[in-house]
Each structure stands twice: as C-alpha cells, then as structure tokens.
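**Q** got a sequence here, can you model it:
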Amino acid sequence: GSGIYRDSIRLGIRHPMAQPELNGQVTGCDSVVNAVYRGKLYWFWGDTNRAGYPLGNFQVSGATSPLPSLVDPGLGIRLRYFENEKGFVRQMAPVPGKGPTWIFGAFVIHSGGQESLLAKYEKIKPPMIPYERGLVLYNDQKQQFEKYREFPLDAPAYPDGQTLRWKTAAGEHLYFSTPFPHVRVAANLEAVKDPGQYESYTCLRSGVRLEHRNGKPVVTADMLDRDTRGQLRTGWKKNAPPITPSLEKQLLAQKLIRPHESIALLQGKGFDKQEDSIQLASGSVAWNDYRKKFIMIAVQSWGSSLLGEIWYAESDRLEGPWKNVIKVVTHDQYSFYNPRHHPYFDRKDGREIFFEGTYT
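**A** The predicted structure is shown next:
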C-alpha cells in the first residue's frame, strides 16, 4: 500500500511501481486473461469498478506491462492502463449489442512475420447468459479489439478459459483450459476462425449437441461413443462437446459411465470415494520445467467455500490422467475464482510459480 511505497522512498529503495495508488481510477477488475504480444505483456479484464461512481467499465479493460523478463512479480506488476479522456480505463472491446462484453482465451497467431492478437468474446444478458459468441481481433491503430467472427451459439467447441500453445505429433495447437485442456485448434488463422476446426477431447459422439435443464446438462446413453464391445472411446473429435467436470458428474449420476471411465473429476488427499471427487470450475494449465509435467491450478466448485478452494494437479499428458492432487489455497467467506497461472513469471526453473484469481 501507500505506506510501504513512502517508506521505500525514504529508505532509498527503488520501488518498481510507478503508479501504486488508484492507477487508472481502477478499484477492482474481474477475471484476467493475458498474452505476450509485440514486445509487451498485455492484460485484459472483465467488469471493472471505479472510484467515485457506482458503475464502471463493462466492455473489457486493458493494460500493458514490460516483458516478463524485465519484471519481478514478487514486488508488483507495472501496469499501464489504456485510459479514456477522463483518466478511467476505456472500453477495450466495445462489441455492439446490449449488456457486458467478456473475453477469454486470449492468444497470438504468427503468420507471414506478423502477429495477431485474438480472444473469444461473449455478449451477456441477465442472469449472466451469453446471447452472442465469437472472436475479436486486436486493432493496433485503435488500440481496441474489434468483432472478427461470430460463432453459432450451439457450436460445441470454441476458445475459452486460458490458452496454452503446445506442439505434438499432431502439430502445433492452441489448447483452451476450463480448467481441463479439452478443446484445441490448429495454431493458424484459418483454423481458429472456423468453428468446425475445433476439436474436443470427449467420449461423446460427433454431432451431439447438449441442452441444459435446471442448470444441468441433459445426457442420454445414445450420446456416448462406445464400440461394439461397449468400450468407451475417448479421444480428440470435431463437432462434439468436450468433457467438463459438470458434464461428467451428470454422466456418473445417471450411471451412463463407470467411475474408472472418469477423466474430469479429481481424487485428492482424503477423497476416498467417487462421490467425494473434486469438481473443478475454472483454471489454467502450463508446462513446468522443474516437475517435467503439465501442472494445473484450478478452483473447486462448491468446496468448503464458494469458489475459493484452489487445487494443484499434474500430468504427463494434456489429456490426463491428472495426479498428485493437493489443495494449495483456501478461503473463508471470500472467493478466489478464475485463477490464472502466469508461467512466464516462473522462477528457479519452475520451482516457484505465480498465479492470481478474482478475490471478492
């Protein structure tokens, strides 16, 4: 806070924060996404509160900071907000239509020596329901995102959550973690703008579309992809919904899959029974050099706090299985949702990592 800043000046310590107090008139932001783009680290948030007025910015806020190699996250991030003429953060994704604009899954495409920054956008209506979805593309001249492609609302797979770029025998893909990286697309512009090119890691058949009733997915046995021997076929498929923790919980409750076929409900310390499995809501996945594994940082749904219990898990493969599951953060009365691990800040070859969440 301000006391630490003044004491640092008095002691002659060089403090990294150029604007430590009320930077951009921001008093709080919801859910971060970011990407390294054209020599800077770009940060974007959703609904943003401001000082002195009950309403703020609901069309995405943004900032830049120096490249991760030039920043010590243990001391703070030097955010330079994109501001309007009144000094408050300006709208970074003013997609036409009523209601807030939210973005997730920000990523950079490299093509012909050029970089393009894109993200998934959603237009939201009460009670927090998306009525439009697609891609926005960053315009460097305007320093804003612009609507680029609209996806059908019933498209089964699309960018979301946090993004990981990874190369396998199948080529270089962008993986989107929510928190499991169960959606991917080839890392080129032609693929990312075509909803038909997105693949899901799933046990559902291609062509399946999910409906929800009372907040739960409606699933039937004929939606599952089983061979003639009844073996469940789980793999990367186009035109099919990904397996999510809530979907898998419903499949287990209806006895459509067996516990050993589960891939999206984790077993942690003290969780001995399937009904005690950890159901995750959101998070991010990154490669960790120290562990030589992929690691996941994710928030639990309906744990001992409302979206405030943060778990760590690791895997040899992006498809899982995820093991060494342990709780690393707990909250009382507060939430800490949509956690984001910032792998570019990893220190000591990944023995120390940094992550953040929306604390409210």
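**Q** does Arg165 touch Gly105 like I think?
**A** No - with contacts counted by CB atoms under 8 Å, Arg165 stays clear of Gly105, the gap being 11.8 Å. All C-beta atoms are positioned from the backbone trio N, CA, C, and that covers glycine.
**Q** neighbour-wise, which of the two wins?
**A** A direct count of neighbours by other CB atoms under 10 Å for Arg165 and Gly105 places Gly105 higher, at 24 against 14.
**Q** surely that one meets Ala157?
**A** No - when contacts are counted by CB under 8 Å, Gly105 is not listed as touching Ala157 (11.5 Å).
**Q** after the helix or strand of the chain with the lowest mean pLDDT comes which helix or strand?
**A** The least trusted helix or strand in the chain, going by mean pLDDT, DSSP states H and E, turns out to be helix 2-10, with a mean of 36. Using DSSP states H and E, the helix or strand that directly follows helix 2-10 along the chain is strand 26-29.
**Q** just checking, what packs against that next one?
**A** Under the contact criterion of 3 or more CB pairs under 8 Å, 6 or more residues apart in numbering; DSSP states H and E, strand 26-29 touches strand 48-50.
**Q** and the strand it packs on, what's buried?
**A** Using 16 or more other CB atoms under 10 Å as the test for burial, strand 48-50 gives Thr48, Arg50.
**Q** so how far is the next helix or strand after that strand off the chain centroid?
**A** Next along the chain after strand 48-50, taking DSSP H and E as the criterion, comes strand 53-57. Centroid separation for strand 53-57 versus its chain: 25 Å, with CA atoms, centre = their mean, to the nearest Å.
**Q** can you pull the buried residues of strand 53-57?
**A** Buried residues in strand 53-57, defined by neighbour count with 16+ other CB under 10 Å: Gly56, Asn57.
**Q** strand partners of it, parallel vs antiparallel please.
**A** Next to strand 53-57 in the sheet, as set by DSSP bridges, lie strand 48-50 (antiparallel).
**Q** now the partner strand: average pLDDT?
**A** Taken as a whole, strand 48-50 has a mean pLDDT of 93.
**Q** what's next to it, contact-wise?
**A** Residues external to strand 48-50 that are found in contact with it (CB atoms under 8 Å, 6 or more residues apart in numbering): Gln25, Val26, Thr27, Gly28, Cys29, Asp30, Gly56, Asn57, Phe58, Ser61, Phe88, Val89.
**Q** can you do 10 Å?
**A** With CB atoms under 10 Å, 6 or more residues apart in numbering as the contact definition, strand 48-50 has outside contacts at 22, 24-30, 55-62, 81, 86-89, 91-92.
**Q** returning to what we had before: overlap in contacts of Gly105 and Ala157?
**A** Phe176, Val183.
**Q** in the stretch 201-350 of the chain, which spans are strands?
**A** All strands of the stretch 201-350 of the chain, identified by DSSP state E, counting those that start in this stretch, fall at 211-213, 216-218, 235-238, 280-288, 293-300, 310-315, 323-329, 336-341.
**Q** helices or strands next to the third one in the packing?
**A** To tie it back to what came earlier, the one meant is strand 235-238. strand 183-186, strand 199-202 (3 or more CB pairs under 10 Å, 6 or more residues apart in numbering; DSSP states H and E).
**Q** CSV for these, including mean pLDDT?
**A** What follows is the helices and strands packed on strand 235-238, written out as CSV (pLDDT from 0 to 100):
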stretch, mean pLDDT
strand 183-186, 98
strand 199-202, 98
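**Q** and those strands as JSON lines, adding mean neighbour count and distance to Pro66?
**A** Compiled in JSON lines, the helices and strands packed on strand 235-238 are given as follows (neighbours: other CB atoms under 10 Å; distance: least, CB to CB, whole Å):
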{"stretch": "strand 183-186", "mean neighbour count": "23", "distance to Pro66": "30"}
{"stretch": "strand 199-202", "mean neighbour count": "24", "distance to Pro66": "35"}
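**Q** quick one: which of the ones you listed is nearest Val219?
**A** strand 199-202 (11.8 Å; CB to CB).
**Q** neighbouring strands for the closest one, and are they parallel or not?
**A** Partners of strand 199-202 in the sheet, by DSSP bridges, are strand 183-186 (antiparallel), strand 235-238 (antiparallel).
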